[in-house]
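Participant: dropping the sequence and predicted coords here.
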Amino acid sequence: MTRYAVLTPPGTGAIAVLAVSGPDAWPLVLRRFRPAGKPLPQSPTLHAVRLGTLGGGAGDEVVVAVTQVAPAVTVEVHCHGGPQVVRMLCELLEAEGCRRAEWWEVARDDGFDVAVLPLLAAAPTVRNASILLDQYHGAFRNAVRSPGVNVERLRQLTPVGAHLVTPWNVVVVGVPNAGKSSIVNAIAGYQRSVVTPIAGTTRDAVRVEVAIDGVAVRLTDTAGLRDTSDPLEAEGVRRATALMATADLVVYVLDGTDPAPVPDGVTLVVWNKADLVAAPPGLLGVSATTGQGVRELLSRIVATLEPVQPLPGEAVPYGEHGAALRQA
Ligand SMILES: Nc1nc2c(ncn2[C@@H]2O[C@H](COP(=O)(O)OP(=O)(O)OP(=O)(O)O)[C@@H](O)[C@H]2O)c(=O)[nH]1
Ligand SMILES: [Mg+2]
């Protein structure tokens, strides 16, 4: 079966690229492509590049390139950008019997792990892209095929593999006025959440995506936890409590000037406003105002989420492999 895919994103651009791959790719080019200059050879030459036209009427001026001849012939068509030109060529390819595929399904089969490609395209940080590139080059695939595979080490790296595209879900909670929003803003680097001296400022859950040492994290700022008769605030508190239950990590912020008891089930506690009252021994002191302790807080968040980090080039169970390993 001969397949085709649009390799460039939808929208308007100077050029768009389609790939056609399969047994009919070259016969199709011979049937429909009108080369400028000398005729095409009966069989494709690897890396041959030709200018010509494709499509009904005058057609579009395109460049056809042979990017692979084995195991399947793959031809790239570089046409003018813009949705209608792309659509015209898609209709032509379908009329010629090609089936539309995803771009990674027609990717050049050069022995690498092409299942990684859609994840690589969605990687939110450079660090995650680099881990995925290692897997694309076969780190995970080779590891599981080798007789001496270290399953325990792979299992330790499943949390990393599960969050190469999907960010970690970190929820920031605490009593009203503790400084939750101020801490989230300090991490985000801009005033994402409203901060005021009024207790009960934040109502809705406020989300921001950040990279912490290359680890993708979605931070959620929440309403301060307290009993309240204000229905709007109460709904905020209800949401905050529900979010705690689904979080990968709950960061509990204490108001250092008025520390309340910490509820059960909290992994990471920070003592905020350490610029006013120093944290007692054993507690992480932070000041959202001066920035003191924020770097340490970030390090602790990453160390809690990903206690084991992969070495360069190491196998990491990406995508569905992690879930399979956890079940095994
Ligand atoms: N001195 C000092 N003041 C802070 C610090 N962090 C926050 N504040 C102040 O404390 C007040 C409350 O800060 P917010 O960040 O709005 O607190 P919150 O926990 O989000 O409060 P709610 O949204 O009402 O639950 C504001 O006046 C802040 O400027 C800090 O580290 N040091
Ligand atoms: Mg707030």
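Facilitator: It's in. Ligands and ions are numbered 1, 2, ... in the order given.

Participant: residue boundaries of the helices in the chain?
Facilitator: 25-32, 83-95, 117-122, 126-136, 139-145, 151-156, 158-162, 180-188, 231-246, 294-305, 320-327 (DSSP state H).

Participant: out of the ones you listed, which gets nearest to ligand 2?
Facilitator: helix 180-188 (3.2 Å; Cβ to the ion). Every C-beta, even on glycine, is put in place using the N, C-alpha and C of the backbone.

Participant: which strands and helices sit next to the closest one?
Facilitator: Judged by 3 or more Cβ pairs under 8 Å, 6 or more residues apart in numbering; DSSP states H and E, helix 180-188 is in contact with strand 168-174, strand 206-212, strand 215-221, strand 249-255, strand 268-272, helix 294-305.

Participant: and it, is it in reach of ligand 2?
Facilitator: Yes: with Cβ under 5 Å from the ion as the criterion, ligand 2 is reached by helix 180-188 at residue 181.

Participant: hmm, that helix touching ligand 1?
Facilitator: Yes: counting by Cβ under 6 Å from any ligand atom, ligand 1 is contacted by helix 180-188 at 180-182.

Participant: okay if I get the helices of the chain as TSV plus distance to residue 269, mean pLDDT and mean neighbour count?
Facilitator: TSV is the format used below for the helices of the chain (distance: least, Cβ to Cβ, whole Å; pLDDT from 0 to 100; neighbours: other Cβ atoms under 10 Å):
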stretch	distance to residue 269	mean pLDDT	mean neighbour count
helix 25-32	61	98	18
helix 83-95	52	96	16
helix 117-122	33	96	16
helix 126-136	27	98	20
helix 139-145	36	95	17
helix 151-156	25	95	14
helix 158-162	21	96	21
helix 180-188	12	98	23
helix 231-246	14	95	15
helix 294-305	10	98	16
helix 320-327	28	85	14
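
Participant: how about the ones you listed, which one is nearest residue 254?
Facilitator: helix 180-188 (10.4 Å; Cβ to Cβ).

Participant: from the chain's centroid, how far away is that closest one?
Facilitator: Relative to its chain's centre, helix 180-188 lies at 23 Å (Cα atoms, centre = their mean, to the nearest Å).

Participant: how much space between the closest residue in space to residue 64 that isn't next to it in sequence and ligand 1?
Facilitator: Nearest in space to residue 64, with sequence neighbours left out and distances taken as Cβ to Cβ, 6 or more residues apart in numbering, is residue 50 at 5.1 Å. Distance of residue 50 to ligand 1, computed by Cβ to the nearest ligand atom, to the nearest Å: 63 Å.

Participant: now do residue 142
Facilitator: For residue 142, the distance to ligand 1 equals 48 Å [Cβ to the nearest ligand atom].

Participant: over to residue 141?
Facilitator: 46 Å.

Participant: and that residue, what does it touch?
Facilitator: Residues counted as contacts of residue 141 (Cβ atoms under 8 Å, 6 or more residues apart in numbering) are 113, 135.

Participant: now swap in residue 250 and tell me
Facilitator: Residue 250 neighbours (Cβ under 8 Å, 6+ apart): 170-171, 173, 244, 265-268.

Participant: make it 10 Å
Facilitator: Residue 250 is in contact with 169-174, 222, 243-244, 263, 265-269, counting by Cβ atoms under 10 Å, 6 or more residues apart in numbering.

Participant: start to end distance for stretch 63-79?
Facilitator: End-to-end span of stretch 63-79 (Cα to Cα, to the nearest Å): 7 Å.

Participant: report the buried residues of it.
Facilitator: 64-69, 73-79 (16 or more other Cβ atoms under 10 Å).

Participant: nearest to residue 45 among the residues you listed?
Facilitator: Among the buried residues of stretch 63-79, residue 66 lies closest to residue 45 (Cβ to Cβ), at 6.3 Å.

Participant: does that closest one touch residue 46 like I think?
Facilitator: Yes: assessed by Cβ atoms under 10 Å, residue 66 is found in contact with residue 46 at 5.8 Å.

Participant: identify the contacts common to the two.
Facilitator: Common neighbours of residue 66 and residue 46, using Cβ under 10 Å, 6+ apart, are residue 73.

Participant: any idea how many residues pack against the residue nearest to residue 64?
Facilitator: 17 (other Cβ atoms under 10 Å).

Participant: thinking again about what came up before, who wins for proximity to ligand 1 among the helices and strands packed on helix 180-188?
Facilitator: With Cβ to the nearest ligand atom, the closest approach to ligand 1 among those belongs to strand 268-272: 5.0 Å.
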